[in-house]
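In: this one's sequence-less:
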Ligand SMILES: [Fe+2]
């Protein structure tokens, strides 16, 4: 059965969120929902997530899964908010514990943060199969950008997370803690080993000036045209390119606040005695 796919693009963080469902009135998953955040005021908003809630209502869907491809560094996850409003299980790759351990140290969250993934309702083991109503899905383990990345394969569609971007943009960076360009190369080769017509849905698009935002590609187009990993680029050449390129990239504006929310499945840190949640900024530590 082919999934029905609706996408939502957040122009502030260049993030694509997907609503995937089996039939009208059936079962749905949301992949990588965004909670809007204004760093100037420290205020969150739910405009992006409310669009998804409206679509769930419009199609009379039961939300079964809220799927994170990884702990994002560029936006806050809307998972917690969506779950509160519509239910569903929040899931991420089982190796999120590694990401939590690294950032627990950086943010000095002793002993408050559990580093066993228990903030999430389900932790996917590598390549675990699951169902979204009548749809067959699989959590493909694709580490590299982070050690815990998952791509979600739902019939002939793969939601690639931060691995590949559109062919003219290339691939995800590998310089965050626990990132590894060699691992990313292997993960991408795995994605490119699926049949040529397999649809690939991006987690982000950063379009060059002369084209519109595009979030869908396929295996054939990536093999022929991806500027970083088209056929003929071997592992060593990729790793050299990726390492050099990453050395020149600035950290994403929201990495420090976003990680603190996202390793908690979209929850803010526990409020202090005055009822307000605070985020920390470690100075000269990242
Ligand atoms: Fe990311």
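Out: Received, thanks. These figures come from a predicted structure and were not determined experimentally.

In: For residue 233, give me the pLDDT.
Out: pLDDT for residue 233: 97.

In: nope, residue 110 is what I meant
Out: We have a pLDDT of 80 for residue 110.

In: and it, what is it in contact with?
Out: residue 104 (CB atoms under 8 Å, 6 or more residues apart in numbering). All C-beta spots, glycine's among them, are computed from the backbone N, C-alpha and C.

In: Distance check, it against the ion.
Out: Relative to the ion, residue 110 is positioned 26 Å away (CB to the ion, to the nearest Å).

In: cool, and residue 227?
Out: Distance from residue 227 to the ion, by CB to the ion: 19 Å.

In: show me where the stretch 101-250 of the chain has helices.
Out: In the stretch 101-250 of the chain, the helices defined using DSSP state H, counting those that start in this stretch lie at 181-191, 219-225, 235-247.

In: Tabulate those in JSON lines, adding columns for mean neighbour count and distance to the ion.
Out: Formatted as JSON lines, the helices of the stretch 101-250 of the chain follow (neighbours: other CB atoms under 10 Å; distance: least, CB to the ion, whole Å):
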{"stretch": "helix 181-191", "mean neighbour count": "20", "distance to the ion": "12"}
{"stretch": "helix 219-225", "mean neighbour count": "16", "distance to the ion": "18"}
{"stretch": "helix 235-247", "mean neighbour count": "14", "distance to the ion": "13"}
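
In: Format those as CSV; extra columns: distance to residue 171.
Out: Shown next, in CSV, are the helices of the stretch 101-250 of the chain (distance: least, CB to CB, whole Å):
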stretch, distance to residue 171
helix 181-191, 7
helix 219-225, 10
helix 235-247, 7
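
In: Look up the pLDDT of the closest residue to the ion within the stretch 101-250 of the chain for me, please.
Out: Closest residue of the stretch 101-250 of the chain to the ion, CB to the ion: residue 162 (3.9 Å). pLDDT for residue 162: 98.

In: so it makes contact with residue 206?
Out: No. Contact between residue 162 and residue 206 fails when scored by CB atoms under 8 Å: they sit 11.8 Å apart.

In: More neighbours: which of these two?
Out: residue 162 (27 against 12; other CB atoms under 10 Å).

In: residues in contact with that one?
Out: Neighbours of residue 162 in contact, by CB under 8 Å, 6+ apart: 69, 70, 72, 145, 146, 149, 172, 203, 204.

In: Looking at those, which one is closest to residue 276?
Out: residue 72 (23.6 Å; CB to CB).

In: The closest one: neighbour count?
Out: Quick note: residue 72 (other CB under 10 Å) scores 25 neighbours.

In: Next: residue 18.
Out: Every residue meeting other CB under 10 Å relative to residue 18 is counted, giving 24.

In: If it is in a bridge, with which residues?
Out: Beta-bridge partners recorded for residue 18 (DSSP bridges): residue 7, residue 31.

In: in the stretch 1-150 of the chain, which spans are strands?
Out: Using DSSP state E, counting those that start in this stretch, the strands of the stretch 1-150 of the chain run over 4-10, 15-21, 27-31, 34-38, 43-45, 62-67, 76-77, 89-93, 122-124, 128-132, 135-141, 150-154.
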